[in-house]
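Student: Can you look at this prediction? I've put the sequence above it.
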Amino acid sequence: MNVASYGEMASPAFSIDAKTQLGEVALVVGDLQRSIAFYTDVIGLVTCGKSVGDAILGTPEGRVLVRLREVPGALPRIARTTGLYHFAILVPSRVDLAHRLKRIAETRTRLQGAADHRVSEALYLEDPDGNGVELYYDRPRGNWIWLEGRVQMDTRPLDFRKLLDELEREPPQYEVPIGTRIGHIHLHVSNLKEAIRFYTETVGFRLVAAVPGAAFVSAGGYHHHIGLNTWGGSTPPAPESAGLDYFELVLPEVRALNFLVQSARFRRARFDDDWDGLLMRDPFGNRIVLKSLDQ
């Protein structure tokens, strides 16, 4: 399917609420302590809670961003499988991103990549289990360029020197700042056309960008809440491997949540009835927990 044909699926009958955001991301990991060390020492998250086999990580004000569930002996995430490509932690400012880059250097953590995407600047890492993690900040929306309903994104080299220049006379910052949140998630899928159809027609996002092998959907004119690509192969991950457990879609109110659930059930989306709450699966088995802020 060429890029132009994506437009055929760009106008869903149902539209998700414009204020929808991503909530927490839950991961399966092989060694809980090792993962906690990475997400606190390198990424800068705060431990919000911990029990046997589980940990909750987030921000200084208590916003939960990442939930870890230990499966001892879980295999590291296997390349060329569907599932998580990366989840993205959005920091409030460019200075905050510079602090994260400095901390990555101080801990001698390997960067998997870095890019200027026009709408944002981003750093890419892998956690100890091979789960992709992006740290980024958004440029002001007024600087984003839209052409014919599509946001203009790119992958350009990131100027590390200019980014680190932001830290001149800045005191050290070891934790992520107040206001940090999950900005988006990017998934490997086996069928891009089917993925676009599900996330636009069933979930109600709008298609806002597409390149060969990848598409991006969002609510409220954001550059993307969910990225979808076929770059990682079509084989599902092994049940015993580390990776994505679930991610949350958080709607602003129960009414908007009910509209989404009605739309999804009408289109015969899969729900897990034994879950304490609303858990929906996309066509590739990725689990999505649906919530509202006023629940």
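Tutor: Sure, I can see it. Residues are numbered from 1 along each chain as shown.

Student: And Pro76, how close does it get to Asp282?
Tutor: Note on Pro76: its distance to Asp282, by C-beta to C-beta, to the nearest Å, is 23 Å. Where you see a C-beta, it was placed from the backbone N, CA and C, and this is true even at glycine.

Student: Pick out whichever of the two has more residues nearby.
Tutor: In this comparison of Pro76 against Asp282, neighbours counted by other C-beta atoms under 10 Å, the higher total goes to Asp282 at 20 against 16.

Student: Phi, psi for the more buried one please.
Tutor: Geometry field for Asp282 lists phi and psi as phi -80, psi 180, criterion degrees, to the nearest 10.

Student: Next one, pLDDT for it please.
Tutor: We have a pLDDT of 96 for Asp282.

Student: you'd agree it is up against Glu194?
Tutor: No - applying C-beta atoms under 8 Å as the test, Asp282 and Glu194 come out as separate, 9.1 Å apart.

Student: All the helices of the stretch 101-250 of the chain, residue numbers only.
Tutor: For the stretch 101-250 of the chain, the helices defined by DSSP state H, counting those that start in this stretch occupy 160-165, 192-197.

Student: Now the ones you listed in JSON lines, please, with extra columns for distance to Ala55 and mean neighbour count.
Tutor: Formatted as JSON lines, the entries for the helices of the stretch 101-250 of the chain read as follows, by distance: least, C-beta to C-beta, whole Å; neighbours: other C-beta atoms under 10 Å:
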{"stretch": "helix 160-165", "distance to Ala55": "30", "mean neighbour count": "13"}
{"stretch": "helix 192-197", "distance to Ala55": "30", "mean neighbour count": "19"}
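
Student: any chance of the ones you listed in JSON lines, plus distance to Leu135 and mean pLDDT?
Tutor: Formatted as JSON lines, the entries for those read as follows, by distance: least, C-beta to C-beta, whole Å; pLDDT from 0 to 100:
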{"stretch": "helix 160-165", "distance to Leu135": "11", "mean pLDDT": "96"}
{"stretch": "helix 192-197", "distance to Leu135": "25", "mean pLDDT": "97"}
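
Student: Let's have the ones you listed in CSV, adding distance to Ala105.
Tutor: Below are these laid out as CSV (distance: least, C-beta to C-beta, whole Å):
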stretch, distance to Ala105
helix 160-165, 9
helix 192-197, 36
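
Student: looking at those, which is closest to Gln173?
Tutor: Nearest to Gln173 among the helices of the stretch 101-250 of the chain is helix 160-165; the distance by C-beta to C-beta comes to 13.2 Å.

Student: Right, I'll leave it there.
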